[in-house]
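Peer 1: Pasting a predicted model and its sequence here:
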Amino acid sequence: MVLLIAAGLFSRAFVRAEGLDLGFRPDHMLLVEVDPSLQGLTPDQSALFHRQLLDRVSAISGVRSASLAAWVPFVSGDSWDLSIDGYTTPSGDKWVDTINNRVAPGYFATMHIPLLSGREFAWQDRKKAPLVAIVNETFARKYLIGQGSVDKALGHIVRLREGDPIQVVGVVADSSVGSIGQPVPPALCFPASQMGGPRMTLQVRTAGDPAALASIVRGQIAALNPEVVPISVDTFEHVVVSRGLILTRLLAVMTSGFGILGLALAVVGLYGVVSFMVSRRTQEIGVRMALGAGRASILRMIVGSGLALVSIGLITGLALSMAVTRLMTSLLFGISPWDIGTFASIAALLVLASVAASAIPASRAMRVDPMTALRYE
């Protein structure tokens, strides 16, 4: 029973996690990862290739918006040490390891990540222009402003190991970066035109099925440079489900398999016990029928005996399940480890299984001839 309840919780969490508020919208989005440097293009040539590809894809009919990023949630990630002017850690260290991304203009609008204050990046944020960054709300509140207005985060200076000042020009809402259901960590983004590399992922938000545009985007890449081949092409929704929810799905499948095996063994065991009980009570059944007991009465007696056995297991199993499932809290999203619906559903399933297991011996008992049963030894 414990395994069945765990399987039910993981399965419900898997379904609910698909509808979680991730802080961005993965629907109607196509992801295309490209690295022109693999074909020998220089960093400047790669940057030009990405800019031209973005312009071409943005002009395709059915494309609502498009942008570029060094990585996207649930696919990969990166973190750098940086210092924040006026901030030191409780241990006195000025360096903090922070998740970062390098994105092109329009990234937050394409991802549907709300801009809370300041501005998005622009193509004018080039390498020779002043260095800028956009931080998420968690970063702003943890390192810059506390509980103050997010507007106060604008203008703050952060620095990488090289020491060049980087000014915060925008604050965006928190969004998942790879751990569904876990607290959003502090994160910041730099302009791809200032710190981007040759390997970038194109995000394309479409009006219809994003997979339908895959071949068109591939054609645009080939038109720019026939030697450049996409590293990967996939829909964002598939990425979230296949990578962001892989642990929950794996646990759901594994516990379901063991749970079904346990249920089958329980049904077979109950069937054997009830059959043995019926064979031992054949004479009693005959006496009852000779005294006028109807078949329905015999059926209720046999099935009731089976249910009595199951009720003991249900009470024990529910108690153990409530103790064990509390350990699953960190693996469940949008659902309590003591979800009443799941517990009730599994209990109902076990009751139905016990009725089915008792039904066959009960049907045999209903057909017992009273005279034959009275001579039974």
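Peer 2: Nice, thanks for sending it over.

Peer 1: gap between the closest residue in space to residue 353 that isn't next to it in sequence and residue 357?
Peer 2: Of all residues not flanking residue 353 in the chain, residue 267 sits nearest, at 5.1 Å (Cβ to Cβ, 6 or more residues apart in numbering). Just so you know, the C-beta spots here come from the backbone N, C-alpha and C atoms, and that holds for glycine as well. With distances taken as Cβ to Cβ, to the nearest Å, residue 267 is found 5 Å from residue 357.

Peer 1: More neighbours: these two, which one.
Peer 2: Neighbours were counted for residue 267 and for residue 357 using other Cβ atoms under 10 Å; residue 357 has more, 24 against 16.

Peer 1: can I assume that one sits in a helix?
Peer 2: Yes. Read with DSSP: H, G, I helix; E, B strand; the rest coil, residue 357 is one of the residues of a helix.

Peer 1: ok, it touching residue 306?
Peer 2: Yes. Taking Cβ atoms under 8 Å as the definition, residue 357 is a contact partner of residue 306 at 6.5 Å.

Peer 1: count of neighbours near the closest residue to residue 125 other than its chain neighbours?
Peer 2: Using Cβ to Cβ, 6+ apart and skipping residues adjacent in sequence, the residue nearest residue 125 is residue 191, 4.1 Å away. Neighbour count of residue 191, defined by other Cβ under 10 Å: 26.

Peer 1: Equivalent analysis for residue 149, please.
Peer 2: Residue 149, neighbours per other Cβ under 10 Å, totals 12.

Peer 1: Next one: the residue lying closest to it once chain neighbours are set aside from residue 130, what distance?
Peer 2: Once flanking residues are discounted, residue 149 sits nearest to residue 117: 7.9 Å by Cβ to Cβ, 6+ apart. Residue 117 sits 18 Å away from residue 130, going by Cβ to Cβ.

Peer 1: Between the two, tell me which one has more neighbours.
Peer 2: Neighbours were counted for residue 117 and for residue 130 using other Cβ under 10 Å; residue 117 has more, 18 against 12.

Peer 1: any idea of the pLDDT on that one?
Peer 2: Residue 117 is assigned a predicted lDDT (pLDDT) of 95.

Peer 1: which residues pair with the residue nearest to residue 125 across the strands?
Peer 2: With DSSP bridges as the criterion, residue 191 is bridged to residue 103.

Peer 1: Identify the residues contacting it.
Peer 2: Counting by Cβ atoms under 8 Å, 6 or more residues apart in numbering, residue 191 makes contact with 102, 103, 104, 105, 121, 125, 132.

Peer 1: show me what contacts residue 153?
Peer 2: 117, 118, 135, 140, 144, 145, 168, 171.

Peer 1: Quick one, which of these are buried?
Peer 2: By neighbour count, with 16 or more other Cβ atoms under 10 Å, the contacts of residue 153 hold 117, 118, 135, 140, 144, 145, 168, 171 as buried.

Peer 1: wait, the last one sits on residue 136?
Peer 2: If I follow you right, that is residue 171. Yes. When contacts are counted by Cβ under 8 Å, residue 171 is listed as touching residue 136 (7.3 Å).

Peer 1: Would you map the strands across this protein?
Peer 2: In the chain, the strands defined using DSSP state E lie at 29-34, 63-69, 79-84, 95-103, 115-118, 132-136, 157-159, 165-172, 187-191, 200-206, 232-235.

Peer 1: Mind telling me which of the ones you listed the model trusts least?
Peer 2: Here the lowest mean pLDDT among the strands of the chain goes to strand 79-84, at a mean of 88.

Peer 1: list the buried ones in it?
Peer 2: 82, 83, 84.

Peer 1: Need the pLDDT of residue 349.
Peer 2: At residue 349, pLDDT is 71.

Peer 1: Count the residues that sit near it.
Peer 2: Using other Cβ under 10 Å, residue 349 has 15 other residues around it.
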